[in-house]
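**Q** Take this sequence and fold it.
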Amino acid sequence: MANLHLFWDGVSAPTGWTIVSDTGDAFYQNTIRGNSTYGGTGGATTHTHTTSEFSMTGASSSENVASGSTNFVVNYLHTHTIGTIVADSKSNLPNYRTLKVIKYNTADTPSTIPSGAIAIFNSSTMTGYTRYSAQDNLHIYCDGTAGNNGGSNTHTHTVSGTTNAAVVLLALQMMQILPMRIHIPKSQILKTSNRHM
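**A** Numbers count the residues shown, from 1 in each chain. Model (predicted):
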């Protein structure tokens with residue numbers, strides 16, 4: 001025979017029952033997942049992501065350098081390789097509300113269900129029960145204290161990282177500075193003579 005388990009939000013376990021979601025118990029701070037075998041555990045309360053892609057644009061600058069009659073335009077272009085990239089850890093827990101788990105001490109079906117016990121049914125109406133709306137839209141998270149809310153249905157991660165030392169590339173553009181020449185038509189080049197007007 002098996003021991004019946006129910007949810008509970010009272011302070012102490014009812015007579016003939018034991019709370020099995022206190023610190024160190026099998027259900028403590030666990031969610032419940034159905035399985036063909038009782039007692040299996042797994043999963044984690046937090047997770048991180050590895051980053052496989054990272055993009056950035058190259059930085060550049062230019063400077064004019066004159067040497068004699070030649071003017072150089074120096075273009076600096078540098079790139080970085082990616083160093084360590086770290087994403088922070090976030091909780092896996094969705095929006096939840098805590099409930100206690102109680103176990104019937106005898107490996108048998110109890111003759112009566114204790115008043116205040118919380119059970120799961122596939123119908124909204126059941127003789128002797130009322131709908132437990134406090135748990136609406138919230139996952140059940142087993143704990144030694146009932147009625148605490150937590151978790152989130154969405155989350156974001158903060159990603160930080162470093163870049164390695166720059167690799168600098170130089171590009172030189174040479175421009176010849178030519179002397180300035182002014183073209184004056186011949187008709188405008190005049191020489192005065194000793195001539196009376």
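**Q** distance of residue 110 from residue 22?
**A** Using CB to CB, to the nearest Å, one gets 21 Å for the distance from residue 110 to residue 22. Any C-beta I mention is one placed from the backbone N, CA and C, and that applies to glycine too.
**Q** pLDDT weak spots in the protein?
**A** Where the chain drops to pLDDT under 70, the residues are 1, 51-78, 166-197.
**Q** which stretches of it form strands?
**A** For the chain, the strands defined by DSSP state E cover 5-8, 17-19, 46-47, 59-67, 70-79, 82-87, 90-91, 96-104, 139-142, 149-150, 159-163, 167-176.
**Q** The first one packs against which elements?
**A** Strand 5-8 makes packing contacts with strand 17-19, strand 96-104 when contacts are defined by 3 or more CB pairs under 8 Å, 6 or more residues apart in numbering; DSSP states H and E.
**Q** what does it rub up against?
**A** 14, 17, 19-20, 99-104, 113, 116-119, 140, 146 (CB atoms under 8 Å, 6 or more residues apart in numbering).
**Q** Tally up the residues packed near residue 143, please.
**A** Burial of residue 143, expressed as a neighbour count using other CB atoms under 10 Å, amounts to 23.
**Q** Out of the helices and strands packed on strand 5-8, the one nearest residue 29 is which?
**A** Residue 29 sits nearest to strand 96-104 of all those, at 8.7 Å, using CB to CB.
**Q** The closest one packs against which elements?
**A** Contacts defined by 3+ CB pairs under 8 Å, 6+ apart place strand 96-104 against strand 5-8, strand 17-19, strand 139-142, strand 149-150.
**Q** Could you name the helices and strands sitting against the second one?
**A** In other words, strand 17-19. Using 3+ CB pairs under 8 Å, 6+ apart, strand 17-19 is in contact with strand 5-8, strand 96-104.
**Q** didn't residue 2 look like it was pressed against residue 107?
**A** Yes. Counting by CB atoms under 8 Å, residue 2 does reach residue 107; the two are 6.3 Å apart.
**Q** deepest of the helices and strands packed on strand 17-19, which one?
**A** Highest mean neighbour count among the helices and strands packed on strand 17-19 (mean count of other CB atoms under 10 Å): strand 96-104, with a mean of 22.
**Q** ok, it: who's next to it in the sheet?
**A** With DSSP bridges as the test, strand 96-104 is paired with strand 5-8 (antiparallel), strand 17-19 (antiparallel), strand 139-142 (parallel), strand 149-150 (antiparallel).
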